[in-house]
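>>> show me the folded form of this:
(chains A, B, C, D, E and F)
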4 protein chains.
Amino acid sequence: MSAPKTKRQQASEQRRQAILDAALDVFAAEGFTAARLDDVAAKAGVAKGTIYLFFKDKEELFEQIVVAAISPVLARLEALAEAETMPLDQVLETVFAFFQSEVIATWRRDVIWLVLSEGRRFPRIAEIYHRMVISKGLGIIRRIAENAYKRGEISSDELVRFPHLVFAPLIMALIWNGLFAKYQPLDVADLLNTHRQLLMRTAAAQPKED
Amino acid sequence: MSAPKTKRQQASEQRRQAILDAALDVFAAEGFTAARLDDVAAKAGVAKGTIYLFFKDKEELFEQIVVAAISPVLARLEALAEAETMPLDQVLETVFAFFQSEVIATWRRDVIWLVLSEGRRFPRIAEIYHRMVISKGLGIIRRIAENAYKRGEISSDELVRFPHLVFAPLIMALIWNGLFAKYQPLDVADLLNTHRQLLMRTAAAQPKED
Amino acid sequence: MSAPKTKRQQASEQRRQAILDAALDVFAAEGFTAARLDDVAAKAGVAKGTIYLFFKDKEELFEQIVVAAISPVLARLEALAEAETMPLDQVLETVFAFFQSEVIATWRRDVIWLVLSEGRRFPRIAEIYHRMVISKGLGIIRRIAENAYKRGEISSDELVRFPHLVFAPLIMALIWNGLFAKYQPLDVADLLNTHRQLLMRTAAAQPKED
Amino acid sequence: MSAPKTKRQQASEQRRQAILDAALDVFAAEGFTAARLDDVAAKAGVAKGTIYLFFKDKEELFEQIVVAAISPVLARLEALAEAETMPLDQVLETVFAFFQSEVIATWRRDVIWLVLSEGRRFPRIAEIYHRMVISKGLGIIRRIAENAYKRGEISSDELVRFPHLVFAPLIMALIWNGLFAKYQPLDVADLLNTHRQLLMRTAAAQPKED
DNA sequence: AATGAATGAGGCTTCATTCAT
DNA sequence: GATGAATGAAGCCTCATTCAT
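This is a model prediction of the structure:
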């Protein structure tokens, strides 16, 4: 139903996507204000005016970058939500692996950087990202942790109250790679394994006994 | 040694500081590119040209904001370094309290946001911040953790290898407050207490036995 | 003689006219430069490219608006020319009534406004309008006045030498309505009656005696 | 009190005036939309940015052209207002002479053209011009006509009710010169003399007798 | 013939930087 | 030193015109 039929529509959709791809590159590299739409157009292989056939102005283009980037992530979250009864340790392993291979090493990283660095000046973007990604992701991990807690897999409700703690080292790793890796490399795989051990050892150490 | 002598020198130093204070406000609010030197000058109560008496250009002003903001922090770090043998739990309590009262609620928060959001485009700033703050802070925590580990206060070397894990929730709290608090408040005190419990329970649970 | 034969030709002529009608609206409202052909096309119910099937460019479209608008007026002038021996007073009454009901209250007003406001920058338009409307109209009134003068209906040759004086209050009324009526309404009927009385009393007062 | 004192202030005022002069030229020649601020700046001998030190944007510059042009005219109107008891014929002669030498042949003509051709799209300008020039001028002529009528100098109250009729041929002459003089010259002096005779013969013809 | 997506030149406006006072 | 008026390069956005469908 939303699949474009005619060649015209297909070509148009391809152009739109090319602009979004180029814009993500340029905006991530330069930031919203310093990014030049000339560069976006050049990188997308279209004329300047073409951008305005799809987006009202620079700001809407920026928002749509984030919106467009979120959609595919949502599918992943849905899949994760299915795993509510999976062992916590296994969930963490899956999530951390996904983060390393599919986020920190790909264009998804750039989207997060954009939200991080421009979100305060574009509350709409922060709001969208929170509503569609953050709150959902936290909710899923919270439910998984809750189940693990009830099963006695973990001994305390810390992650139930603050699922944020699961993600903190992920976002830190992403920031470190962006800012400091040049001066002091960080073994993200090791970091995240250690983080997981830390979370899980806590669990194993104090088996629930009530 | 660096104390200004004459009144003129003092007045000059005050102007310089007023510009830096104003610039921190404006740059943090708008980002480097969107920040207008007109606004900085107005907020500092000086003429636009005066800025150029102290700073070569906009970029140098930006760098000096960070440099100037770091100096006072260094003193804190030195003090913390003295505490190498303090119990880890107590160190964490001190550090987290400082973070809540002196970072997340003050202009220091803005400095961190600037490094976060502009650091990738201004490697010199990232480099300075890493060299003067990050690596020192991590080093101190690592040594404290190492001592605690040797004393048997904690049961594993995780924090020795990745002292980053101590700070991850701090940076996450700061980001959350900047981006998402409007939509979903976060009890930072509770979060950090929980984080500390999590770190320390690990320690207590498995007394070192090798 | 110029009647389109085939249905296709008729449809084409209708499109052309629709474009001209729309263009008159848009150009009158915005002026030549600010008028957007997008708006013209939308209002005419055609695609933008269609305009270029009938008119070489924006400027030619503008010219043709005026040309097309003039043709129907010419018929009126012809009719008036037949009335060369009609009493001057009656002619004025007829002309002024026509002006009030058929010019100042209709799209003809817009044509005049276009000529007024853009004529200096588009001499071709001024020239066309002068040749086809102004000079003819003035000539007719001059001849009528001349006849009236010869008959002794009016006592002086002022209107023979300057038939412009008959029209001056008309154009002034049109301008006033366009610019100042909002701030100070003008009773055009009263104005024109007064104007006519003024012209005719002159006539009646001094019967020709040579 | 409003005289600039320092050299700086004088130079600034001169620049402002140079910009206004240049802008009148360019706007009158091209119309508001087609006028290019680049051209204004070049003609005024300043940089583009300098315009924005004095005027918020193109539209404010446009308004200020008219406002600045009106001020000197006001003095003339005041002087005319003093002449309330002067014989009507003499007033008309004075006004018409002024119009020929000081309006139709100078930059004042351009101001009127601007009001004429752009006033509908810039109601503020029409409003200003009406309030400061039109209504005042009409009021003065009305009072002068009223006095003449009371004195019996003119036999009817037509000009009291519609002082507009005095000015109609003036505006017509201005328009003619702008649009049609190339194709058919107009002897403005003769036209205005004839107009005056027409107005005054009416008066003489029917001496007031009540 | 008719369409409307695509183009890219051009204009308004901003703002970092300079420099005469 | 301090000022702030002046500069002009640069960027966003519009819109007349073209052309593949």
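
>>> I figured A:V46 hits A:D21, correct?
No - using CB atoms under 8 Å, A:V46 makes no contact with A:D21, being 11.6 Å away. Using the backbone N, CA and C atoms, a C-beta is placed for each residue, glycine as well.

>>> now chain A against DNA strand E: closest residue?
At 1.8 Å from DNA strand E, A:G49 is the closest residue in chain A, using CB to the nearest atom of the strand.

>>> number of nearby residues for that residue?
As a burial measure, A:G49 scores 8 neighbours (other CB atoms under 10 Å in any protein chain shown).

>>> just for chain A, where's the confidence low?
For chain A, the stretches with pLDDT under 70 are A:1-5, A:202-210.

>>> helices of that one, start to end?
Secondary structure of chain A (DSSP state H): helices at A:7-30, A:37-44, A:48-54, A:58-82, A:88-98, A:107-118, A:123-129, A:135-151, A:158-161, A:164-179, A:188-205.

>>> residues in contact with the residue of chain A found nearest chain D?
Residue nearest to chain D within chain A: A:D57 (18.6 Å; CB to the nearest CB). The contact partners of A:D57, by CB atoms under 8 Å, 6 or more residues apart in numbering or on different chains, come to none.

>>> counting neighbours, what do you get for the closest residue to A:I141 other than its chain neighbours?
Leaving aside its sequence neighbours, A:I141 sits nearest to A:P163 (CB to CB, 6 or more residues apart in numbering or on different chains; 4.0 Å). The number of residues packed near A:P163 is 19, by other CB under 10 Å.

>>> so A:P163 makes contact with A:R142?
Yes - with contact defined as CB under 8 Å, A:P163 counts as touching A:R142 (4.4 Å).

>>> how is chain A divided into domains?
Domain ranges of chain A: A:1-55, A:64-205, per automatic domain parsing.

>>> most tightly surrounded among those domains?
Of all these, domain A:64-205 carries the top mean neighbour count, a mean of 18, counting by mean count of other CB atoms under 10 Å in any protein chain shown.

>>> run the chain-centre distance for that one.
Relative to its chain's centre, domain A:64-205 lies at 8 Å (CA atoms, centre = their mean, to the nearest Å).

>>> can it be said to contact DNA strand E?
No - figure legend: domain A:64-205 not in contact with DNA strand E (CB under 7 Å from any atom of the strand); closest approach 13.1 Å.

>>> near DNA strand F at all, that domain?
No - contact of domain A:64-205 with DNA strand F (CB under 7 Å from any atom of the strand) is absent, the minimum separation being 12.8 Å.

>>> returning to that earlier point: mind giving me TSV with the domains of chain A and columns for distance to C:R201?
Written out in TSV, the entries for these read as follows (distance: least, CB to CB, whole Å):
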stretch	distance to C:R201
domain A:1-55	64
domain A:64-205	72
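
>>> right, and those domains - which one's nearest C:V66?
Closest approach to C:V66 among those is made by domain A:1-55 (31.2 Å; CB to CB).

>>> does that closest one come close to chain C?
No - figure legend: domain A:1-55 not in contact with chain C (CB under 8 Å from any CB of the partner chain); closest approach 12.6 Å.

>>> distance of A:L159 relative to B:S155?
Distance from A:L159 to B:S155, counting by CB to CB, to the nearest Å: 20 Å.

>>> the helices of chain A: which one's closest to C:A28?
Using CB to CB, these put helix A:48-54 closest to C:A28, at 27.6 Å.

>>> so A:L74 sits against A:M132, correct?
Yes - using CB under 8 Å, A:L74 is in contact with A:M132, at 6.6 Å.

>>> so A:E102 touches A:R108, yeah?
Yes - at 6.5 Å, A:E102 counts as touching A:R108 under the criterion of CB under 8 Å.

>>> for chain A, what lies in contact range of chain C?
So chain A never meets chain C (CB under 8 Å from any CB).

>>> okay, the residue nearest to A:A47 when sequence neighbours are not counted and A:G31: tell me how far apart.
With sequence-adjacent residues excluded and distances taken as CB to CB, 6+ apart, A:A47 is closest to A:A41, at 6.2 Å. Distance, A:A41 to A:G31, using CB to CB: 18 Å.

>>> let me know whether stretch A:176-183 sits next to chain B.
Yes - counting by CB under 8 Å from any CB, chain B is contacted by stretch A:176-183 at A:W176, A:G178, A:L179, A:F180, A:K182, A:Y183.

>>> let me see the contact set for the third one.
By that I understand A:L179. By CB under 8 Å, 6+ apart, the neighbours of A:L179 are B:V115, B:L116, B:G119, B:R120, B:A126, B:Y129, B:H130.

>>> rebuild these as a markdown table, extending it with distance to chain A.
What follows is these, written out as a markdown table (distance: CB to the nearest CB, whole Å):
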| residue | distance to chain A |
| --- | --- |
| B:V115 | 7 |
| B:L116 | 6 |
| B:G119 | 5 |
| B:R120 | 5 |
| B:A126 | 4 |
| B:Y129 | 8 |
| B:H130 | 5 |
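
>>> out of the residues you listed, who's nearest DNA strand F?
Distances from DNA strand F to those, taken by CB to the nearest atom of the strand, are shortest for B:R120, at 18.6 Å.

>>> how much space separates that closest one from A:F62?
Counting by CB to CB, the gap from B:R120 to A:F62 is 17 Å.

>>> could you do A:W107 as well?
Taking CB to CB, one finds A:W107 at 15 Å from A:F62.

>>> just A:V115 next, same as before
11 Å.
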